[in-house]
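> What follows is a predicted protein model with its sequence.
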Amino acid sequence: MIEEHDALIIRCPQLGGEVPFRYCRTFNEDLPCRKIMVCWEFRIDISKFLGKHYSMDQIQCALTSPTKTRLDTILELIEKAKRINEEGE
Amino acid sequence: MKEFKVFLREDEIPKQWYNIQADLPTPLQPPLHPGTRQPIGPQDLAPVFPMNLIEQEVNTKDRWIDIPQEVMEKLLIWRPTPLRRAYALEKVLGTPARIYYKDEGVSPPGSHKPNTAVAQAYYNKVFGIKRIATETGAGQWGSALSFACCLFGLECKVYMVRISYDQKPYRRLMMNTWGANCVPSPSKDTQAGRKILEAHPDSPGSLGIAISEAVEDAVTSKDTRYSLGSVLNHVLMHQTIIGLEAKKQLEKFGEKKVDIVTGCAGGGSNFSGLAFPFVLDKINGAKITIIPAEPTSCPTMTRAPFVYDFGDNVGMAPMVPMHSLGHSFIPAPIHAGGLRYHGMAPLVSQLINDGLLEPRAYNQLECYANAVLWARTEGFIPAPETSHAISVVVEEAKKAKEEGKQKVILLIWSGHGIMDLGGYESYFSGKLIDYPLPEEEMRKSLKDIEGWPKPKIMKMGKVVG
């Protein structure tokens, strides 16, 4: 069952607060957070869980896709927001 | 009589921030615009930051930047912060090391964050900005910015990740008390938020969504800019007041040199604040070990003879055990030349790559144990993030005991844990137990990958194996 560990709680280093496992496995558009293995490695058999419930493609996409820097993210969002401004005019 | 803590007089507070960009052995590569792939210019950031902060962000020439008097007057509400000596911890560990900690928990929001929040609020105000938008996870940054905006008469809008908004009512109440408008993200206030809510009405949110909302708000609203609490150069520079104060205070304690400087490093702001002034000394020849501590799991070699890294933790926590997924394994990603630590400030990443910083990682059980040890000796209850740096201190103090050396260890105590006791509850109730990896399963995993090429071992920013 994919919900088997959902009630377990962990401190999320990104958010700075406690979150349930359900959050870690779903918040990335229903894919796991890229740090799920590292955070949960000593709590549950996370590898087995991932292998059981996700395809290899999904695991690759979730865990190893290229990451953006904060500045890259901000710059992309600026462009997106500018388009919203233009649509509004 | 022993001195337990040293303050500075208000007139002794450092009058300038230290800009490490002027001293980097390897200059930062200019960031490329993701759209044009050309180096970004100030105008690219102008929709979200005031030009005076953009100038600080890109300043590679001036080593010292004057702290404006208006900012100083706000910082003086709680600064200079005390430098304390951890006598009780030293005694319990039986160490000859002398342990000092720079207590940033005394600020009104309870952490180091307002050191930059106040500066950013000021620079926005003089630029003519009336409102600042930002995102926050569990609320540390949101509450710091709310406090700073209140001091300068600015409006503040905080997009708080929904799961944290529901869980941390006291943090958002702090923001409300300081006059900020804090909403759960995803919210209906932005196009980004409405799009998410349409597809996932029960979305618990994420930092990525909250950032999208805050940036959209800043770009599309009148007289509004965006602010963030870590990662960027100007943010880290504002924090150097911490290390500059600590240097003066160590002198007052009679210390002529420091051997180890440490702090926890998520985005890098509190660590940089303490460490960067000491990195300058190291660049100029001082023998100092400077250790950013990261909150990730790091298995022992007895559990994982092979290592893979997943891109986020290269050099910081490079070792992730390789487990069988039935028929296949998660492969390591391919890395290009420069190493990047996802989520970490570029300045900190570059200094790791240059060998000036030696990162370490500690698992959460060890961190909570050391946090409790700290609370039961020194009295103050640390924020969970701070416990990673405390783990460095405990490790180094024990080493000093074995070596019989009177090392001087300096730590930034970045904040108190009074608003984060939920984590301690989980620890005390045994919910944070280690999962013992069955040996049989590990043997099977190893057999499955016999003959596979051995992955690169990443250590201290360099490929060593």
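Yep, it's here. In this text the structure is predicted, and so the values were computed from the model without any measurement.
> from here on, contacts and neighbour counts on C-alpha atoms
Noted.
> how about stretch B:415-427 against chain A, any contact?
Yes - contact of stretch B:415-427 with chain A (CA under 8 Å from any CA of the partner chain) involves B:420, B:422-423, B:426.
> Now intersect those residues with the helices, please.
Judged by DSSP state H, the subset of these located in helices is B:422-423, B:426.
> Most neighbours among those residues, which one?
Neighbour counts for these (other CA atoms under 10 Å in any protein chain shown) peak at residue B:423, which has 20 neighbours.
> Okay, and residue B:194 sits in which element?
Using DSSP states H and E, residue B:194 sits within helix B:191-199.
> residues contacting the residue nearest to residue B:227 when sequence neighbours are not counted?
What sits nearest to residue B:227 in space, not counting adjacent residues and going by CA to CA, 6 or more residues apart in numbering or on different chains, is residue B:134, at 5.5 Å. Counting by CA atoms under 8 Å, 6 or more residues apart in numbering or on different chains, residue B:134 makes contact with B:142, B:156-159, B:211, B:214-215, B:226-228.
> per-residue confidence averaged over stretch B:280-294?
For stretch B:280-294, mean pLDDT is 95.
> now check it, is it near chain A?
No - using CA under 8 Å from any CA, stretch B:280-294 stays clear of chain A, with a minimum separation of 9.3 Å.
> and residue 78, how many neighbours?
Looking at chain A here, since you left the chain open. Number of residues near residue A:78 (other CA under 10 Å) recorded here: 23.
> Correction: the question concerned chain B.
With other CA under 10 Å as criterion, residue B:78 counts 14.
> Run through chain A and note the low-pLDDT ranges.
For chain A, the stretches with pLDDT under 70 are A:65-66, A:89.
> which one's the longest helix in it?
Longest helix in chain A by number of residues (criterion: DSSP H): helix A:70-88.
> circling back to that earlier point, quick one: secondary structure of the residue nearest to residue B:227?
What DSSP: H, G, I helix; E, B strand; the rest coil gives for residue B:134 is strand.
> partners of it in the sheet?
As for beta bridges, residue B:134 partners with residue B:158 under DSSP bridges.
> got a pLDDT number for residue B:12?
Confidence score, pLDDT, at residue B:12: 97.
> now swap in residue B:254 and tell me
Looking at residue B:254, its pLDDT reads 96.
> cool, and residue B:162?
95.
> Can you find which helix in chain B contains the most residues?
helix B:386-403.
> as a whole number, average confidence for that helix?
According to the model, helix B:386-403 has a mean pLDDT of 95.
> So for chain A, the centremost residue is which one?
residue A:33 (2.4 Å; CA atoms, centre = their mean).
> Make sure I have this right: that residue is in a helix.
No - assessed with three-state DSSP, residue A:33 is coil; it does not lie in a helix.
> ok, for it, nearest residue in space, not its chain neighbours?
Closest to residue A:33 by CA to CA, 6+ apart is residue A:24, at 5.5 Å.
> Which helix or which strand is home to the one you found?
helix A:21-26.
> partners of the helix or strand that the longest helix of chain B is followed by, with directions?
Counting by DSSP H and E, the next helix or strand C-terminal to helix B:386-403 is strand B:408-413. Using DSSP bridges, strand B:408-413 pairs in its sheet with strand B:98-103 (parallel), strand B:260-264 (parallel).
> could you dump the ones you listed to a markdown table with mean pLDDT?
Shown next, in a markdown table, are those (pLDDT from 0 to 100):
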| stretch | mean pLDDT |
| --- | --- |
| strand B:98-103 | 97 |
| strand B:260-264 | 95 |
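> which of those strands sits most buried?
Of all the strands paired with strand B:408-413, strand B:260-264 carries the top mean neighbour count, a mean of 28, counting by mean count of other CA atoms under 10 Å in any protein chain shown.
> how far does the following helix or strand past that one sit from the chain's center?
For strand B:260-264, the following helix or strand on the C-terminal side (DSSP H and E) is helix B:269-283. Its chain's C-alpha centre and that of helix B:269-283 lie 13 Å apart, by CA atoms, centre = their mean, to the nearest Å.
> So what touches helix B:269-283?
Here helix B:269-283 has contacts from B:18, B:20, B:23, B:112-113, B:229-231, B:235-244, B:246, B:261-265, B:288, B:290, B:292, B:345, B:348, B:356, B:411-412, B:414, using CA under 8 Å, 6+ apart.
> got the angle between it and strand B:408-413?
150 degrees (axes from the mean of the first three to the mean of the last three CA atoms, to 10 degrees).
> buried set for helix B:269-283?
By neighbour count on 16 or more other CA atoms under 10 Å in any protein chain shown, the buried set for helix B:269-283 is B:269-280, B:282.
> can you pull the contacts of residue B:229?
Residues in contact with residue B:229 (CA under 8 Å, 6+ apart) are B:113, B:116-117, B:141, B:235, B:269.
> what's the model's confidence in stretch B:149-158, averaged?
Rounded mean pLDDT across stretch B:149-158 is 98.
> helices or strands up against the helix or strand where residue B:90 lies?
Residue B:90 is part of helix B:87-93 when elements are defined by DSSP H and E. Packing contacts for helix B:87-93, counted by 3 or more CA pairs under 8 Å, 6 or more residues apart in numbering or on different chains; DSSP states H and E, involve strand B:98-103, helix B:364-377, helix B:386-403.
> Go through these and pick out the most buried.
When these are compared using mean count of other CA under 10 Å, strand B:98-103 is most buried, at a mean of 24.
> now what about that strand, what contacts it?
Contacts with strand B:98-103, where a contact means CA under 8 Å, 6+ apart, come from B:81-87, B:90, B:242, B:246, B:393, B:406-415.
> Just give the number of residues close to residue B:431.
For residue B:431, using other CA under 10 Å, the count is 14.
> about what we covered before: can you say which of the helices and strands packed on helix B:87-93 is nearest to residue B:255?
strand B:98-103 (9.6 Å; CA to CA).
> The next helix or strand after the closest one vs helix B:269-283, what angle?
The C-terminal neighbour of strand B:98-103 among helices and strands, as given by DSSP H and E, is helix B:114-127. If you take the same axes, to 10 degrees, helix B:114-127 sits at 100 degrees to helix B:269-283.
> Excluding chain neighbours, give the residue nearest to residue A:81 in space.
That would be residue B:216: by CA to CA, 6+ apart, it lies 5.0 Å from residue A:81.
> For the residue of the stretch 51-200 of chain B found nearest chain A, report the pLDDT, please.
Proximity of the stretch 51-200 of chain B to chain A (CA to the nearest CA) peaks at residue B:137, 4.3 Å away. pLDDT for residue B:137: 93.
> ok, now residue B:333?
Confidence for residue B:333, expressed as pLDDT, is 33.
> measure residue B:155 to residue B:148 for me?
Applying CA to CA, to the nearest Å, the value for residue B:155 to residue B:148 is 10 Å.
> more neighbours, those two?
Taking other CA under 10 Å, residue B:155 and residue B:148 do not tie; residue B:148 has more neighbours (27 against 17).
> Tell me how many other residues surround residue 4.
All of this is about chain A. The burial count for residue A:4: 10, using other CA under 10 Å.
> oops, I was thinking of chain B
Considering only other CA under 10 Å, residue B:4 is surrounded by 13 other residues.
> Kind regards, and thank you for your time.
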